[in-house]
Structures are given as C-alpha cells and as structure tokens.
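# how would this look folded up:
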Amino acid sequence: MKKYVLLPLLCLLLLFSSCGKKGPSGDEADSIKVYRLLRPEFQSGGELLYPEAYPFPEDGTDPLQCAAYALKSIPSGERLMCVLPENVDILSIRQSGRNALVYLNDSYNNLEGMDKTLVDYAIALTMSSLPEIDCVCLYVGNETAGRIICPDKAVLRNTVHSEEEAEARLYFPRPYYGDIVFEYHSLSLNEDISFERSLMYKLLEGPESGRLVPALPEDTVLLSIYTQDGVCDISLSENFLLSCNENPQMARLWIYSLVNSLSGISGVNSVQILIEGKKSAEAGGIDISAPFEYNEKIVGSAFS
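Just a heads-up that it's a prediction; the model follows:
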C-alpha cells in the first residue's frame, strides 16, 4: 500500500489556530456545515446529527483543515455535543481528487456499532459540505479504516416534520445485486401508535421502485415491537422463520432490510428479532439469537 506522510498533530494545531479564533457562525453562505451530535433530550424521530455553521477561513487556511478542527471544537448550541470522543483525533487530512483522505489516531479502532457510525458520518457529512469534496476515506496510520464513505449513504436521516407526519429511510432488498437499497417514505404518526410500529407498517407496504422487492416475506405478520435500553425487540409470525429457512439467499436481505430501517430511529442501537415472542437460534442459517446492529456493508448504491 502506498505510504502517506502524516502531519504531526502539533503542526495541525498551528494550522487550525486561525479557524478556532472565530467560533461558530449562523451565516451558512460563508460557512462549513459541521455535524454535531444532538443531546438525547433533543433527539426525535431518528435525527441524531445536526449541522452547525462554522465560518470559512479568511486567511487562506485550507478549509479541510478548518473543518477537521471544527469537528473537535465545542459546539455553540446547547442542544449539541461534539461527536468525536475525547480520545479520537484527526491527525491529518488532505484532498485527493474529490475525496478527502482523513487520518485518525489508533483510538478510532476502539469505536464500535452506532458510536462508530456516528463518527464516520459526522466526518463524511462535514467534509462533503465543502463544494470540492464528494466522499471521505478514513485511515488509521497507513491502513484504510473502512471503505469510502459518501454522505448519500448516511442512515441517520429520519426526521419528524410535525406531530402527524415524519419521513423515514426504509431499506428493501435488491436480490440481483445481493444488497439492500433505501427509499424515503412518509409516515403518518399517531399518539396511539409508536414510531417503531408506524415505520413497520410502512415497511410492510413494500417499496415504490419496481427494482426492489418487499422487505419481508409474504404473509409475515408484525406481532409486537418496542424499544428498551437501546434494543428494539420485534416479534414476527412464524412465517418469517419458515420463509428464511426455505430461501436462505433472501434471509440476509430480509433481516437487514428490517434491522437497517429500524436503526434509523432515535434510541435504537440494535434490533432483536423474535419469532412468536421468543428467541430463535437461527433463520436461513443466520444466527438470530442476539441483537443485530446496522450493517453498512450490505447497503448498495441507489444509482447502480
């Protein structure tokens, strides 16, 4: 692998000093959109990340360097938190074509699950707010930490428009490619029905695109769904298990269409699939005895 020379952290701090003096600004026309983590009490309908305007440098400092500094700076809004943990640092950053190559310290490798997803997409969304950047590639040392991340793949986009309506990103299988693809769907909200149940009702209606197939096997019935301590327990009828065993190739796509769709809901960190209210060992050769987390690798491009 081609070796890259990392800028020392001290040099970066000197480069960033001109950015940090100005602090956040509300003028988005001259700003970088820095994505912050919403504090739990302000999260709703799956919206976990929120952009805060940060001024472009006026002294010729590289905007990418300022964006990296801004991600570690203290947010100005009381609703917001820095998404990067205290021990995770961006050591250096540079541009290659329309990609931003971001080099992180070793502590990044300790991130898991939703914490890692939040950091990945906060970096990707922030850097791609710059007009010359489309995607981000993360590195730890000289090793690629993960595949290229483009903001159009971000999962955390469920938004509540009002007490009666929300928009959710739902995933459906694309068997020919062996992946799942998202669509945006509008949800009708009701105070008597949980957000999770409203999302599932819409998911069971099926996709709008003719290139996609239903997220769950035919005749699958939703028996119950609730979230406790970050785990969304969803109980399905036995037909789901039987269909997975009869069609193992589709089992993985059905499971992650369900898991990835529900993972966009605020407070859902993982999904436990139950059959008739009980845990099962496996479905279609896949272990379903433990909760599933959002799976980025199975998500395909909507444009391919």
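# can we go C-alpha only for contacts and neighbour counts from here?
OK.
# what segments of the stretch 151-300 of the chain are strands?
159-160, 165-174, 179-188, 222-228, 231-236, 270-275, 282-283, 286-287 (DSSP state E, counting those that start in this stretch).
# mean pLDDT and distance to residue 83 added to those, as a markdown table?
Below are those laid out as a markdown table (pLDDT from 0 to 100; distance: least, CA to CA, whole Å):
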| stretch | mean pLDDT | distance to residue 83 |
| --- | --- | --- |
| strand 159-160 | 53 | 19 |
| strand 165-174 | 86 | 22 |
| strand 179-188 | 85 | 25 |
| strand 222-228 | 93 | 23 |
| strand 231-236 | 96 | 21 |
| strand 270-275 | 96 | 19 |
| strand 282-283 | 94 | 35 |
| strand 286-287 | 96 | 32 |
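# to residue 243, which of these lies closest?
strand 282-283 (8.6 Å; CA to CA).
# quick one: strands adjacent to the closest one?
Its sheet considered, strand 282-283 pairs with strand 286-287 (antiparallel) by DSSP bridges.
# run through who's touching the strand it pairs with.
251-252, 281 (CA atoms under 8 Å, 6 or more residues apart in numbering).
# show me how far that strand is from its chain's centre.
Computed by CA atoms, centre = their mean, to the nearest Å, the chain-centroid distance of strand 286-287 equals 23 Å.
# got it, and stretch 254-273?
11 Å.
# what's the end-to-end length of that stretch?
11 Å (CA to CA, to the nearest Å).
# begin at 32, not 1, for the rest of this chat.
Let's use 32 as the start, then, which means that last one is stretch 285-304.
# ok so, going back, would JSON lines of the strands of the stretch 182-331 of the chain with distance to residue 295 be doable?
Listed next are these as JSON lines, based on distance: least, CA to CA, whole Å:
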{"stretch": "strand 190-191", "distance to residue 295": "9"}
{"stretch": "strand 196-205", "distance to residue 295": "7"}
{"stretch": "strand 210-219", "distance to residue 295": "11"}
{"stretch": "strand 253-259", "distance to residue 295": "13"}
{"stretch": "strand 262-267", "distance to residue 295": "11"}
{"stretch": "strand 301-306", "distance to residue 295": "10"}
{"stretch": "strand 313-314", "distance to residue 295": "23"}
{"stretch": "strand 317-318", "distance to residue 295": "22"}
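# let me have the ones you listed in a markdown table, extended by distance to residue 72 and mean neighbour count.
Converted to a markdown table, the strands of the stretch 182-331 of the chain look like this (distance: least, CA to CA, whole Å; neighbours: other CA atoms under 10 Å):
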| stretch | distance to residue 72 | mean neighbour count |
| --- | --- | --- |
| strand 190-191 | 15 | 20 |
| strand 196-205 | 18 | 24 |
| strand 210-219 | 22 | 19 |
| strand 253-259 | 16 | 15 |
| strand 262-267 | 18 | 21 |
| strand 301-306 | 20 | 22 |
| strand 313-314 | 36 | 18 |
| strand 317-318 | 34 | 13 |
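# those strands: which one's closest to residue 146?
strand 301-306 (11.9 Å).
# name the residues that touch the closest one?
Counting by CA under 8 Å, 6+ apart, 261-269, 271-272, 290, 293-294, 310-311, 319-325 sit against strand 301-306.
# strands along the stretch 32-181 of the chain, start to end?
62-69, 80-86, 111-112, 121-127, 130-135, 166-171, 174-175.
# list the contacts of residue 216.
Per CA under 8 Å, 6+ apart, neighbours of residue 216: 198-201, 233.
# 7 Å instead?
In this structure, residue 216 makes contact with 198-201, judged by CA atoms under 7 Å, 6 or more residues apart in numbering.
# output the below-cut-off pLDDT ranges for the stretch 82-231 of the chain.
Low-confidence segments of the stretch 82-231 of the chain (pLDDT under 70): 144-145, 173-178, 182-194.
# what residue of this structure is the furthest out?
residue 90 (33.8 Å; CA atoms, centre = their mean).
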